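Undergrad: Give me the fold of what follows.
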Amino acid sequence: MSLEFKNELLKYIRVIPDFPTEGVSFKDITPLLRDGEMFRKSIDVLKDACKDIDFDLIVAPEARGFIIGSALAYAMGKGFVPVRKKGKLPWQTIESVYELEYGTDTVEIHQDAVEPGQKVVVLDDLLATGGTIAATVDLVERLGGQIAAIVFLIELTYIPGRAILSEKGYDIISVVKLDE
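TA: This next block holds a predicted model:
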(Lines give C-alpha, C1' and ligand atoms only; values in the text may rest on other atoms or scores of the structure.)
Protein backbone atom coordinates (compact mmCIF):
# COMPACT_ATOMS: atom_id res chain seq x y z
CA MET A 1 0.00 0.00 0.00
CA SER A 2 1.42 3.30 -1.03
CA LEU A 3 1.57 6.42 1.09
CA GLU A 4 -0.18 8.14 -1.83
CA PHE A 5 -3.20 5.82 -1.49
CA LYS A 6 -3.30 6.32 2.29
CA ASN A 7 -3.27 10.10 1.92
CA GLU A 8 -5.96 9.94 -0.75
CA LEU A 9 -8.11 7.58 1.32
CA LEU A 10 -7.93 9.86 4.36
CA LYS A 11 -9.68 12.58 2.35
CA TYR A 12 -12.70 10.26 2.14
CA ILE A 13 -12.97 9.35 5.81
CA ARG A 14 -15.36 11.56 7.75
CA VAL A 15 -14.67 11.66 11.49
CA ILE A 16 -17.77 12.04 13.65
CA PRO A 17 -17.02 12.83 17.31
CA ASP A 18 -19.13 11.32 20.08
CA PHE A 19 -20.91 8.83 17.82
CA PRO A 20 -22.58 6.48 18.62
CA THR A 21 -21.82 7.50 22.21
CA GLU A 22 -19.78 10.16 23.94
CA GLY A 23 -16.03 9.62 23.69
CA VAL A 24 -16.17 7.51 20.52
CA SER A 25 -14.71 9.04 17.36
CA PHE A 26 -16.55 7.27 14.52
CA LYS A 27 -14.74 6.85 11.19
CA ASP A 28 -17.39 7.12 8.46
CA ILE A 29 -16.50 5.64 5.06
CA THR A 30 -19.71 6.66 3.28
CA PRO A 31 -17.90 9.54 1.45
CA LEU A 32 -15.50 6.89 0.09
CA LEU A 33 -18.39 4.67 -1.01
CA ARG A 34 -20.10 7.60 -2.73
CA ASP A 35 -17.05 8.25 -4.93
CA GLY A 36 -16.97 5.56 -7.62
CA GLU A 37 -13.28 5.96 -8.43
CA MET A 38 -12.13 5.87 -4.80
CA PHE A 39 -14.40 2.92 -4.01
CA ARG A 40 -12.93 1.05 -7.00
CA LYS A 41 -9.38 1.89 -5.90
CA SER A 42 -10.13 0.67 -2.38
CA ILE A 43 -11.46 -2.66 -3.65
CA ASP A 44 -8.48 -2.99 -6.01
CA VAL A 45 -6.05 -2.40 -3.12
CA LEU A 46 -7.88 -4.99 -1.00
CA LYS A 47 -7.85 -7.42 -3.93
CA ASP A 48 -4.10 -6.96 -4.26
CA ALA A 49 -3.66 -7.52 -0.50
CA CYS A 50 -5.60 -10.82 -0.77
CA LYS A 51 -4.23 -12.13 -4.06
CA ASP A 52 -1.83 -14.65 -2.47
CA ILE A 53 -4.30 -15.98 0.12
CA ASP A 54 -5.82 -19.40 -0.56
CA PHE A 55 -9.50 -19.08 0.38
CA ASP A 56 -13.04 -19.98 -0.66
CA LEU A 57 -15.30 -17.40 0.98
CA ILE A 58 -15.36 -13.88 2.33
CA VAL A 59 -17.36 -13.51 5.54
CA ALA A 60 -18.14 -9.97 6.67
CA PRO A 61 -20.29 -8.31 9.33
CA GLU A 62 -22.89 -5.67 8.62
CA ALA A 63 -23.12 -3.04 7.49
CA ARG A 64 -20.02 -1.57 5.86
CA GLY A 65 -18.38 -5.00 5.86
CA PHE A 66 -21.20 -6.16 3.56
CA ILE A 67 -20.48 -3.43 1.06
CA ILE A 68 -16.74 -3.92 0.92
CA GLY A 69 -16.89 -7.69 1.37
CA SER A 70 -19.41 -8.34 -1.38
CA ALA A 71 -17.56 -6.05 -3.81
CA LEU A 72 -14.27 -7.81 -3.05
CA ALA A 73 -15.88 -11.26 -3.33
CA TYR A 74 -17.24 -10.30 -6.74
CA ALA A 75 -13.87 -8.90 -7.88
CA MET A 76 -12.10 -12.09 -6.79
CA GLY A 77 -14.73 -14.59 -7.93
CA LYS A 78 -15.35 -15.82 -4.37
CA GLY A 79 -18.50 -16.50 -2.38
CA PHE A 80 -19.79 -14.03 0.19
CA VAL A 81 -21.43 -14.74 3.56
CA PRO A 82 -23.09 -12.02 5.66
CA VAL A 83 -22.91 -11.88 9.45
CA ARG A 84 -25.84 -9.90 10.83
CA LYS A 85 -27.14 -8.50 14.07
CA LYS A 86 -29.40 -10.83 16.06
CA GLY A 87 -32.80 -11.45 14.52
CA LYS A 88 -31.99 -10.19 11.00
CA LEU A 89 -31.24 -13.47 9.21
CA PRO A 90 -34.25 -15.43 7.92
CA TRP A 91 -33.10 -19.01 8.53
CA GLN A 92 -31.57 -21.10 11.33
CA THR A 93 -28.57 -19.38 12.89
CA ILE A 94 -25.86 -19.59 15.51
CA GLU A 95 -24.90 -16.50 17.49
CA SER A 96 -21.95 -14.87 19.21
CA VAL A 97 -22.05 -12.09 21.82
CA TYR A 98 -19.27 -9.50 21.88
CA GLU A 99 -18.28 -6.24 23.52
CA LEU A 100 -18.09 -2.88 21.77
CA GLU A 101 -16.39 0.31 22.83
CA TYR A 102 -19.83 1.36 24.04
CA GLY A 103 -21.66 -1.82 25.14
CA THR A 104 -22.40 -5.35 23.93
CA ASP A 105 -24.08 -6.80 20.87
CA THR A 106 -24.89 -10.13 19.25
CA VAL A 107 -24.19 -11.28 15.71
CA GLU A 108 -25.48 -14.33 13.86
CA ILE A 109 -24.66 -16.45 10.83
CA HIS A 110 -26.76 -19.07 9.04
CA GLN A 111 -25.99 -22.59 10.25
CA ASP A 112 -25.11 -23.71 6.72
CA ALA A 113 -23.16 -20.61 5.64
CA VAL A 114 -19.69 -22.14 5.99
CA GLU A 115 -18.90 -25.77 5.32
CA PRO A 116 -16.38 -27.61 7.51
CA GLY A 117 -12.89 -27.12 6.11
CA GLN A 118 -13.71 -24.12 3.94
CA LYS A 119 -11.01 -21.45 3.97
CA VAL A 120 -12.40 -18.07 4.92
CA VAL A 121 -11.22 -14.48 4.74
CA VAL A 122 -13.00 -12.45 7.42
CA LEU A 123 -13.21 -8.84 6.27
CA ASP A 124 -14.41 -5.51 7.60
CA ASP A 125 -13.91 -1.85 6.80
CA LEU A 126 -12.21 -0.97 10.07
CA LEU A 127 -10.39 -2.59 12.98
CA ALA A 128 -10.85 -0.82 16.31
CA THR A 129 -11.51 -2.95 19.41
CA GLY A 130 -11.73 -6.18 17.41
CA GLY A 131 -14.96 -7.29 19.12
CA THR A 132 -17.12 -7.60 16.02
CA ILE A 133 -14.44 -9.47 14.10
CA ALA A 134 -13.61 -11.75 17.03
CA ALA A 135 -17.31 -12.68 17.18
CA THR A 136 -17.35 -13.22 13.41
CA VAL A 137 -14.26 -15.45 13.63
CA ASP A 138 -15.94 -17.39 16.45
CA LEU A 139 -18.97 -18.06 14.26
CA VAL A 140 -16.85 -19.21 11.30
CA GLU A 141 -14.78 -21.55 13.45
CA ARG A 142 -17.82 -23.01 15.20
CA LEU A 143 -19.15 -23.95 11.75
CA GLY A 144 -15.84 -25.67 10.96
CA GLY A 145 -14.37 -22.99 8.73
CA GLN A 146 -10.65 -22.25 8.70
CA ILE A 147 -9.56 -18.63 8.98
CA ALA A 148 -7.20 -17.94 6.07
CA ALA A 149 -6.77 -14.26 7.02
CA ILE A 150 -8.52 -11.33 8.66
CA VAL A 151 -8.51 -8.27 6.42
CA PHE A 152 -9.35 -4.60 7.02
CA LEU A 153 -9.33 -1.54 4.82
CA ILE A 154 -8.43 0.62 7.85
CA GLU A 155 -6.87 -0.17 11.23
CA LEU A 156 -6.90 2.22 14.17
CA THR A 157 -3.53 1.35 15.70
CA TYR A 158 -4.20 3.33 18.89
CA ILE A 159 -6.98 0.89 19.86
CA PRO A 160 -5.81 -2.64 20.80
CA GLY A 161 -7.98 -4.63 18.39
CA ARG A 162 -4.99 -6.22 16.65
CA ALA A 163 -3.62 -7.50 19.97
CA ILE A 164 -6.90 -9.30 20.70
CA LEU A 165 -6.85 -11.03 17.32
CA SER A 166 -3.08 -11.61 17.16
CA GLU A 167 -2.92 -13.57 20.39
CA LYS A 168 -4.76 -16.37 18.58
CA GLY A 169 -2.23 -16.39 15.73
CA TYR A 170 -4.43 -15.12 12.90
CA ASP A 171 -2.89 -13.52 9.83
CA ILE A 172 -4.11 -9.91 10.01
CA ILE A 173 -3.87 -7.60 7.02
CA SER A 174 -4.68 -3.89 7.23
CA VAL A 175 -4.38 -1.79 4.09
CA VAL A 176 -4.21 1.58 5.89
CA LYS A 177 -3.10 2.10 9.50
CA LEU A 178 -4.15 5.24 11.34
CA ASP A 179 -2.25 6.38 14.43
CA GLU A 180 -4.86 8.91 15.53
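
Undergrad: quick one, strands of the chain?
TA: Taking DSSP state E to define them, one finds strands in the chain at 14-17, 25-28, 57-61, 79-85, 93-100, 103-110, 119-127, 146-156, 172-178.

Undergrad: Which strands and helices lie in contact with whichever helix in the chain runs longest?
TA: In the chain, assigned by DSSP state H, the helix with the most residues is helix 36-50. Here helix 36-50 touches helix 3-10, helix 30-34, helix 64-76, strand 146-156, strand 172-178, going by 3 or more CB pairs under 8 Å, 6 or more residues apart in numbering; DSSP states H and E. C-betas here are computed from N, CA, C, even on glycine.

Undergrad: go again using 10 Å as the cut-off
TA: Contacts defined by 3 or more CB pairs under 10 Å, 6 or more residues apart in numbering; DSSP states H and E place helix 36-50 against helix 3-10, helix 30-34, helix 64-76, strand 119-127, strand 146-156, strand 172-178.

Undergrad: of all the ones you listed, which lies closest to residue 92?
TA: Among the helices and strands packed on helix 36-50, strand 119-127 comes nearest to residue 92, with 19.4 Å by CB to CB.

Undergrad: what angle sits between the closest one and strand 57-61?
TA: Per axes from the mean of the first three to the mean of the last three CA atoms, to 10 degrees, the angle that strand 119-127 makes with strand 57-61 is 30 degrees.

Undergrad: In the protein, which residue sits furthest out from the middle?
TA: Here the chain reaches farthest from its C-alpha mean at residue 22, the gap being 23.5 Å by CA atoms, centre = their mean.

Undergrad: Contacts only, for the spatially most central residue of the chain.
TA: The chain has residue 124 as the residue nearest its centroid, 1.2 Å off, counting by CA atoms, centre = their mean. Taking CB atoms under 10 Å, 6 or more residues apart in numbering as the contact definition, residue 124 lies against 59-62, 64-66, 68-69, 83, 130, 132-133, 136, 150-154.

Undergrad: Disregarding flanking residues, what is the spatial nearest neighbour of residue 80?
TA: In space, residue 80 comes closest to residue 73 once its chain neighbours are excluded; the distance is 3.8 Å by CB to CB, 6 or more residues apart in numbering.

Undergrad: Tell me how far the residue farthest from the centre of the chain lies from residue 81.
TA: Distance, residue 22 to residue 81, by CB to CB, to the nearest Å: 34 Å.

Undergrad: Provide the contact partners of stretch 30-50 at residue level.
TA: 1-2, 5-6, 8-14, 29, 58, 64, 67-69, 71-72, 74-76, 78, 121, 123, 125, 148-149, 151-154, 173-176.

Undergrad: Please check those and keep the buried ones.
TA: 5, 8-9, 12-13, 29, 58, 64, 67-69, 71-72, 76, 78, 121, 123, 125, 148-149, 151-154, 173-176 (16 or more other CB atoms under 10 Å).
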